[in-house]
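Asks: Return atomic coordinates for the entry below.
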Amino acid sequence: MYAKIFNFKFNGVAEAKVAASFISDAFGKLIVSNNMRSLNISIGKCGSLSIQTKFESSGDLKSFEVKAAEVFGDLKQSFVYKEDAYAGVYIFNYEAEAIKAEVAAS
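Replies: Here you go, the predicted model:
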């Protein structure tokens, strides 16, 4: 599983919230076309924004990186922030499956 992680530092939480909304909308539209397996966006109380993505193939990751650069180009026109990004390979990942295991008795 391939990963692309983006870390941003904004001047405040308000800017990070607006940026998160913009990015979640833009990246949400890229999920199917880029065979994205996972997308997680989180905001920290100090104005940090973290985006984690997962892909099955390196080709899907590379295709996504091109489109992500366009999204971040638009973001740079609106906000001042520091950015750090890197690609990697997941070595270990655990996520509990969200299910409701309830049987109703009649």
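Asks: Give me the below-cutoff pLDDT ranges for the protein.
Replies: Across the chain, the stretches falling below the confidence threshold (pLDDT under 70) are 98-104, 106.
Asks: does the residue nearest the centre of the chain count as helix, strand or coil?
Replies: When the chain is reduced to its mean C-alpha position, the closest residue under Cα atoms, centre = their mean turns out to be residue 51, at 3.3 Å. Judged by DSSP: H, G, I helix; E, B strand; the rest coil, the three-state class of residue 51 is strand.
Asks: contacting residues around it?
Replies: When contacts are counted by Cβ atoms under 8 Å, 6 or more residues apart in numbering, residue 51 touches 5, 6, 7, 8, 23, 27, 39, 40, 41. Just so you know, the C-beta spots here come from the backbone N, C-alpha and C atoms, and that holds for glycine as well.
Asks: ok, of the residues you listed, which come out buried?
Replies: Buried members of the contacts of residue 51, counted by 16 or more other Cβ atoms under 10 Å: 6, 8, 23, 27, 39, 41.
Asks: Helices of this protein, residue ranges please.
Replies: Secondary structure of the chain (DSSP state H): helices at 13-28, 58-76.
Asks: possible to save those as a markdown table with distance to residue 86?
Replies: Supplementary listing: the helices of the chain in a markdown table, determined by distance: least, Cβ to Cβ, whole Å:
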| stretch | distance to residue 86 |
| --- | --- |
| helix 13-28 | 17 |
| helix 58-76 | 11 |
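Asks: List the contacts of residue 67.
Replies: Neighbouring residues of residue 67 by Cβ under 8 Å, 6+ apart: 30, 34.
Asks: same check, this time on residue 88
Replies: Under the criterion of Cβ under 8 Å, 6+ apart, the neighbours of residue 88 are 2, 3, 5.
Asks: how far away is the first one from residue 45?
Replies: So that's residue 2. With distances taken as Cβ to Cβ, to the nearest Å, residue 2 is found 30 Å from residue 45.
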